[in-house]
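1. next input, structure requested:
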Amino acid sequence: MKNEELVQNAQKETTNIIGKLGIRHLQVFLHFLGMVIGYSLRVSMSVAIVPMTQNDSNSYQFEVYNWSSTESATILSSFFWGYTIMQIPSGYIAAFWSAQKLLSFGLLLCGILNILTPTLAHYGGYLAVCACRVGMGLSQSCLLPSIHTLLSKWAPPTERARLGTLAYAGAQFGTVICFPISGLLASSSAGWPSIFYVFGALAVIWGVVFFVFGSDSPSKHSRISEKERRYIENSLKSSEEEKPSNETAMKTPWKAIFTSVPMWALIIVHCGQNWGYWTLITELPTYMNDVLEYNLVDNGMISALPYLVMWILSFPVCWLADYALKKGISAGIIRKLCNTIAHWGPAIALICLAAMSVQDHKVAVIILVIAVGLNAGSLCGFQINHIDLSPNFAGRMMSITNCIASVVAIIAPMVCGLIVTQKKNVTQWNIVFYLSAAIYFLGNLIFIIFGSTEIQPWNNPKTANLQKRNDKELTVV
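-> Got it, this is the predicted structure:
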């Protein structure tokens, strides 16, 4: 009877903790703000490049650069040169040292470089801006690996979709606020340089705040209650006091990871996501300006609209995903269904946009809103699949997939620049849309066929090695 009472009390305690806001929610909110700042720093150049290269973009006189379409596309993609190089090292450092400190310093440095961009453009021109963007990519390469590592320590499995979506929805929200704010700043008396000053300053402030109030895990947080700490660690089955199952206590099974079929499915679908997502996010302001002919302020507002819809949709999608999981629907079905909506939905929308040769600007905007908005499903699809496959190595897995997918993010804007040689040529833009739709479709198809949500044997290398030894002994016998 006493044991039954203890179990019932533990269940009641867990229920009470689940229903209350706790330190884990504060941590995830800080992660959300970090994503907001990180993506604002990335996306702001997509808007700033318009007034930086066109005399008639605003009524105030600010320096204008005679950069070609190819040079502009190179500037937009150069962020990912540095971003790609440091992905895997960042994942390792986040696990071995401190994801919280790495992320704090990374975004702080990224903010400082963003503030320096106008000065570098004035004195060094196109090459200096490219070098600065490479440096920003290097310093921000820790963003996703660090967030993934932190979520693997802070998000209980039953809250993973909700908390993971809250954190990663910062990417969409950062885009939502960045486009209109950048448009307003560029058309103001402060001009396009103020875009870099404002978002750079916010990054510096966030870096300091997260260094002070962030934490790597519940066991390292000084203000978390004992009840909440036990709830999180027991649900993850990774209490550092009970067993050394964290990433720093294990050697990374690189061979097993790179020979895993579900891992390669995850890499491919991540590449498909990056091609479609970053093609639109970097080129949408240019498309709005040159094809749909919106002015700078309207351009910023309307370019933000698809990402606002995506951000809004991300919350009901994640709640439905968690609800379906509680009702007994398998995580595999949920991940693949969400990702199918996220990739095949936009693919169909982009095909419609290209096939219809839309001349009605409102219809074109509606189709683009659908194309981007449906991508919210990816937050409960492939983007948290790393944690499904291996909670112990989720951060390093994210660094691997993001590293390879970032190469695609470099190529996509450059390919767009090669295809769209005449910015007002609708036919050339349609080729870009067809190509993005095809890549979305193929990437998700591979994820459906070969993807998995089962925890992989190499998640715990010691257990996997022991199993191999037992199998060999049985074979000998």
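2. all the helices of the stretch 201-350 of the chain, residue numbers only.
-> Listed from the start of the chain, the stretch 201-350 of the chain has helices (DSSP state H, counting those that start in this stretch) covering 226-236, 254-258, 261-290, 296-326, 331-356.
3. and the second one, what does it pack against?
-> What it means is helix 254-258. Other elements packing on helix 254-258 under the criterion 3 or more Cβ pairs under 8 Å, 6 or more residues apart in numbering; DSSP states H and E are helix 394-419. Where C-beta positions appear, they are placed from N, C-alpha and C, glycine not excepted.
4. roughly how far does E233 sit from P156?
-> E233 is 9 Å from P156, where distance means Cβ to Cβ, to the nearest Å.
5. same check on A412?
-> Counting by Cβ to Cβ, the gap from A412 to P156 is 36 Å.
6. by contact count, what packs against the top helix by length along the chain?
-> Counting by DSSP state H, the longest helix found in the chain is helix 99-140. Applying 3+ Cβ pairs under 8 Å, 6+ apart, one finds that helix 99-140 makes contact with helix 23-53, helix 69-85, helix 87-93, helix 143-154, helix 193-213.
7. kindly reformat those as TSV and extend each row with distance to M356.
-> Shown next, in TSV, are the helices and strands packed on helix 99-140 (distance: least, Cβ to Cβ, whole Å):
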stretch	distance to M356
helix 23-53	25
helix 69-85	25
helix 87-93	38
helix 143-154	35
helix 193-213	34
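8. per-domain residue ranges of the chain.
-> 22-57+64-229, 253-468 (the TED database).
9. I'd like the average pLDDT over the shortest one.
-> Taken as a whole, domain 22-57+64-229 has a mean pLDDT of 89.
10. measure that domain end to end?
-> Distance between the two ends of domain 22-57+64-229: 10 Å, counting by Cα to Cα, to the nearest Å.
11. tell me the pLDDT of K362.
-> On pLDDT, K362 comes in at 82.
12. now it, what's its secondary structure?
-> helix (DSSP: H, G, I helix; E, B strand; the rest coil).
13. related to what we said a few turns ago, which one of the helices of the stretch 201-350 of the chain lies closest to W206?
-> The closest of these to W206 is helix 296-326. By Cβ to Cβ, the value is 18.5 Å.
14. quick one: the closest one to chain centroid distance?
-> In terms of Cα atoms, centre = their mean, to the nearest Å, the centre of helix 296-326 is found 14 Å from the chain centre.
15. list the helices and strands that helix packs on?
-> Using 3+ Cβ pairs under 8 Å, 6+ apart, the elements in contact with helix 296-326 are helix 23-53, helix 160-187, helix 261-290, helix 331-356, helix 361-373.
16. save the domains of the chain as CSV, and put in mean neighbour count and distance to K237 too.
-> CSV is the format used below for the domains of the chain (neighbours: other Cβ atoms under 10 Å; distance: least, Cβ to Cβ, whole Å):
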stretch, mean neighbour count, distance to K237
domain 22-57+64-229, 21, 9
domain 253-468, 20, 9
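17. any chance of the helices of the stretch 201-350 of the chain in JSON lines, with distance to N392 too?
-> Putting the helices of the stretch 201-350 of the chain into JSON lines (distance: least, Cβ to Cβ, whole Å) gives the following:
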{"stretch": "helix 226-236", "distance to N392": "10"}
{"stretch": "helix 254-258", "distance to N392": "11"}
{"stretch": "helix 261-290", "distance to N392": "14"}
{"stretch": "helix 296-326", "distance to N392": "21"}
{"stretch": "helix 331-356", "distance to N392": "17"}
